[in-house]
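*Asks:* Have a look at this prediction, sequence included:
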Amino acid sequence: MSFAQDVKNEIVQKKLARPCCVSCCRLAAAYGIACFGRYFDERGVVLHTELLAVAQPAKRLFGMCGIRGEILTKERPSGAVHEFKIAHPQEVAKLTALFGCPKGQVSLRVDPALLACSQCVNAFVASAFLCCGTMTDPSKEYNLEFLCARHNLAKDLEAILAEHEFRPHRTLRKGLNVVYVKASEQLEDLLTFMGAGNAAMQIMDHKLYKELRNKTNRLTNCETANMDKVVTANVQVSRAIDFLKESGAYEALPQSLQQAAELRLAWPELSLAQLAEKSPEPISKSGLSHRLKKLEQIAESMKQRRSNG
């Protein structure tokens, strides 16, 4: 089951399976199904869904509003499609009267009068998502969409989402109006708004995991880079010491430089701080670094004198 289907199942369980006791919210939920189903006109209402768990509560919801519908299941190569429809002329007449459509004329705009309270808006948007919504798995991308064939309804839905600060956007894709939300924080709020709090928590958990993983990668990369620097520096110092010994200049070096050289040769894998702790005489990390650089400078100076002459 996809993440979008999980979201729809959660909305059904928390919104439609337990409809609000306030009749205006039941009406708003039914209105959302009518507006964003396959069609809503003088023929009635049709909703196509892959989830029987969406079609059955839709039928119960309209039944609570006094309107009878039916569910038909159609088998297709891609899987079963469940069709909830209200098509009987008597029921269609009740439907248009319920939504206040004058003389049975269905408007292709959202009627604000049918969204009487704040919870009505929640129910309406949740129903819209059940009918035409989809969502990408948050482990891949943050994206929630409403796909609507009716331009004005898409504009009205975008306005409703914008009014509640979900920062929606709208575009046209393959003849469909797409209202979408991409920002993760707004996605979390919108899912909670529609009744899918568990799905919102999954996004939060994924964000936390992603942040921790990125932080771990940054620390690992930083440690690797530091190790590379240590290895490079140690190799350069070791080569300088070998050169000084081969050229016969090593014995003439001050005792402090010879001591630093012996430490480095004895523990080539240690960092400067660790190497300083191995010194028989107290010495700081910076002091040891200065002595090792001095060895490199002496060796480089001797190489230049040889090349010049």
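*Replies:* That came through fine.
*Asks:* Specify the local secondary structure of T134.
*Replies:* When classified by DSSP: H, G, I helix; E, B strand; the rest coil, T134 comes out as strand.
*Asks:* In this structure, which helix is the longest?
*Replies:* The helix that spans the most residues within the chain, counting by DSSP state H, is helix 197-246.
*Asks:* Remind me what it packs against, helices and strands.
*Replies:* Helices and strands touching helix 197-246, as assessed by 3 or more Cβ pairs under 8 Å, 6 or more residues apart in numbering; DSSP states H and E, comprise helix 3-11, helix 184-194, helix 255-266, helix 285-308. All C-beta spots, glycine's among them, are computed from the backbone N, C-alpha and C.
*Asks:* Report the inter-axis angle for it versus helix 255-266.
*Replies:* With axes from the mean of the first three to the mean of the last three Cα atoms, to 10 degrees applied, the angle from helix 197-246 to helix 255-266 works out at 120 degrees.
*Asks:* any idea of the mean pLDDT for helix 197-246?
*Replies:* Model confidence over helix 197-246, given as mean pLDDT, is 81.
*Asks:* That one: how far from the chain's middle?
*Replies:* The chain centroid and the centroid of helix 197-246 are separated by 25 Å under Cα atoms, centre = their mean, to the nearest Å.
*Asks:* which parts of stretch 293-304 are buried?
*Replies:* 294-296, 298-299 (16 or more other Cβ atoms under 10 Å).
*Asks:* With stretch 121-138 instead?
*Replies:* So, applying 16+ other Cβ under 10 Å, buried residues of stretch 121-138: 121-136, 138.
*Asks:* what's the answer for stretch 69-81, then?
*Replies:* For stretch 69-81, by 16+ other Cβ under 10 Å, it's G69.
*Asks:* Give me the mean pLDDT for that stretch.
*Replies:* On average, stretch 69-81 scores 89.
*Asks:* Hmm, A200 is touching F193, no?
*Replies:* No. Counting by Cβ atoms under 8 Å, A200 stays clear of F193, with 9.1 Å between them.
*Asks:* Compare those two (neighbour count), which wins?
*Replies:* The residue with more neighbours, out of A200 and F193, is A200; 22 against 19, by other Cβ atoms under 10 Å.
*Asks:* Could you report the distance from the more buried one to G66?
*Replies:* Noted for A200: a distance of 34 Å to G66, by Cβ to Cβ, to the nearest Å.
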